[in-house]
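Novice: after the sequence you'll find the predicted model.
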Amino acid sequence: MELELRHLRTVRAIADAGSLTRAATALGLAQPALSAQLKRIERALGGALFVRGRHGVRATALGELVLERSRIVLPAVTELQREAARFARAPGTARHLRLGGTHGPLLGALVDRLADVAPDARMTTCTSWSERDLAGQLAEGRLDFALAGTCGSASPPGAEGLVWQEVAVDPVFVMVPAGHPLADRAEVDLTELAGEEWACVPGDGCFGDCFTASCARAGFTPRRMYETDTASLVHLVQVGRAVGLCRATFPTTPGIVTRPLTGTPLAWRHLLGWHAVTQGRGTAATVLAQARMAHAGVAASSDSYTEWMAAHRVP
């Protein structure tokens, strides 16, 4: 593993918090995930950075060296981001918008809308199933804006200087093959799927835990969960190997129907993120407005979602 700026920020956060538990809370991570990340950083640097004690953690000699260097490197990178932002806004400079996002149709819809409002801008995209990876790329200046998401009301991925704004909240639907016994239902109760195997696209938030908890409340434990890319998920559902979990905006796909779950036990909150230093308020407001309109367009193209919104009186 190569050392990255986000790793230095993680080390700084642990030192500032004085304990892994407090640092994990500040970063919006589970403590086991932060501990695993610290071990990877320590392996990359060749030794332990902290010693754990009853009252928290303290830096080792190597840890002090890394912290000292980070106090120089991180402010320098922040200043570089400011300089780059000023350069990008200078008259005569062609704007290059670097957009990131997780799986789903929203990123493409946003690019389409931005192409209309900024016809001279060059746009590139980067996709990742990891919300934390997207947050890291924003923090390091490798992305201008990122579409990520959280399960329900969970906190957005944390990184210093990032701003997250809500685009929309979708119910989580279930995908079943067109010939499935429940395919003609207006909605499906989770208990009716107790005997199924499942498929979803992986993430590093709490969605998996929330799904398991919802199944437990329904009185069963999921038989198996396939975590895979979107194309493989679609295939597993089409051939009847599994039922899938998807956002309500999932596009119409041959051989598959999407149905809401009774009581909406799971929800997905779409977020747009950017770095407060590198993005001006006007640009951020424009991209956020376009993201919200892009979501409305994607939602309107889904028959099952529009029916759900009408039934629940969502404007």
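Specialist: Perfect, I can see it now. Residues are numbered from 1 along each chain as shown.
Novice: now the helices: where do they sit in the stretch 151-300 of the chain?
Specialist: Assigned by DSSP state H, counting those that start in this stretch, the stretch 151-300 of the chain shows helices spanning 207-217, 230-238, 281-300.
Novice: mind checking which of the ones you listed is nearest residue 143?
Specialist: Closest of the helices of the stretch 151-300 of the chain to residue 143 is helix 281-300, at 11.8 Å (criterion: Cβ to Cβ). All C-beta atoms are positioned from the backbone trio N, CA, C, and that covers glycine.
Novice: any idea of the mean pLDDT for the closest one?
Specialist: The average pLDDT within helix 281-300 is 90.
Novice: repeat for stretch 143-156
Specialist: Per-residue scores along stretch 143-156 average to 88.
Novice: surely residue 223 touches residue 197?
Specialist: Yes: counting by Cβ atoms under 8 Å, residue 223 does reach residue 197; the two are 5.2 Å apart.
Novice: between these two, which one's more packed in?
Specialist: residue 197 (15 against 12; other Cβ atoms under 10 Å).
Novice: separation between the more buried one and residue 46?
Specialist: 43 Å (Cβ to Cβ, to the nearest Å).
Novice: and the strands in the stretch 151-300 of the chain?
Specialist: 162-177, 198-200, 225-227, 243-247, 256-260, 267-275 (DSSP state E, counting those that start in this stretch).
Novice: still on that earlier bit, of all the helices of the stretch 151-300 of the chain, which one comes closest to residue 142?
Specialist: Taking the helices of the stretch 151-300 of the chain one by one with Cβ to Cβ, helix 281-300 is closest: 16.6 Å.
Novice: tell me the helices and strands packed up against the helix or strand following that closest one.
Specialist: Counting by DSSP states H and E, the next helix or strand C-terminal to helix 281-300 is helix 303-311. On a contact count with 3 or more Cβ pairs under 8 Å, 6 or more residues apart in numbering; DSSP states H and E, helix 303-311 meets strand 162-177, strand 256-260, helix 281-300.
Novice: can you list the buried residues in helix 303-311?
Specialist: 304, 305, 308, 309 (16 or more other Cβ atoms under 10 Å).
Novice: which two in those are spaced the farthest apart?
Specialist: Pairwise distances across those peak at 9.9 Å for 304 and 309 (criterion: Cβ to Cβ).
Novice: shared neighbours, these two?
Specialist: By Cβ atoms under 8 Å, 6 or more residues apart in numbering, residue 304 and residue 309 have no common neighbours.
Novice: from residue 242, how far off is residue 213?
Specialist: Look at residue 213 and residue 242: by Cβ to Cβ, they are 20 Å apart.
Novice: which one's more surrounded, the two?
Specialist: The neighbour comparison of residue 213 against residue 242 (other Cβ under 10 Å) goes to residue 242, with 23 against 13.
Novice: wait, doesn't that one sit right on residue 193?
Specialist: No: look at residue 242 against residue 193 with Cβ under 8 Å: they stay out of range, at 10.4 Å.
Novice: thank you, goodbye.
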